[in-house]
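In: Give me a model of this one.
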Amino acid sequence: MQLDPETDLSFTRHVKAPRDLVWECWTTPEHIMHFFVPKPHGVTSCEIDLRVGGRFNTVFNVDGNEMDNKGVYLEVIPGEKLVFTDTYSEGWKPAPDPFMTAIILLSDAEDGGTTYTVIARHRTSDARKTHEDMGFYDGWGTVVDQLEDYAAELQKSRPA
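Out: Model prediction:
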């Protein structure tokens, strides 16, 4: 995938969990609630309709303030790729002030883990800079750490 350094932010990490479990975490509302926002903040609601044009709606609680995030999936390749955006809400209704499109790429790592890449695409270089200044790398990095910890807990509770 061609990245544009003017408008895109990206990083790749190794996650110590199998790809199918990482995919399950990203596509199941009750799992999203456990990792998608850096603690001590949290997700208080999540609705997923996992199909192109289907909703990906979340409500975040940040310092006691609720933030409603409505979006849709643009691409869904099971086990490999999720693309979602706040540019539209369900029914392709345009958002008045969209922020970004997120791309999550997953592939198998040699040790049974997952190679995990996140890309945040922005409409302008200013929006990209704003996201970077807000703490893109720390925030999304924390989300990956929380995802890895949560996936480890799920693995412990499942039969071998």
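
In: CA atoms for contacts and neighbours, from now on please.
Out: OK.

In: for this structure, longest helix please?
Out: The single longest helix within the chain, with elements called by DSSP state H, is helix 136-157.

In: chain center to it, what's the gap?
Out: 11 Å (Cα atoms, centre = their mean, to the nearest Å).

In: average pLDDT for it?
Out: Across helix 136-157, pLDDT averages out at 95.

In: tell me what that helix is packed against?
Out: strand 8-15, helix 19-27 (3 or more Cα pairs under 8 Å, 6 or more residues apart in numbering; DSSP states H and E).

In: Name the next helix or strand downstream of the last one, please.
Out: Remark: after helix 19-27, the chain's next helix or strand is helix 29-32, criterion DSSP states H and E.

In: how about that next one: buried residues?
Out: 29, 31, 32 (16 or more other Cα atoms under 10 Å).

In: how far away is the second one from residue 80?
Out: Counting by Cα to Cα, to the nearest Å, the separation of residue 31 from residue 80 is 18 Å.

In: Low-confidence regions, this protein specifically.
Out: 160 (pLDDT under 70).

In: Neighbours of residue 154, how many?
Out: The tally of other residues near residue 154 (other Cα atoms under 10 Å) stands at 14.

In: same deal with residue 96?
Out: 9.

In: heads up, I number from 242, so please use that
Out: Done: numbering now begins at 242, and the last item shifts to residue 337.

In: tell me the secondary structure for it?
Out: coil (DSSP: H, G, I helix; E, B strand; the rest coil).
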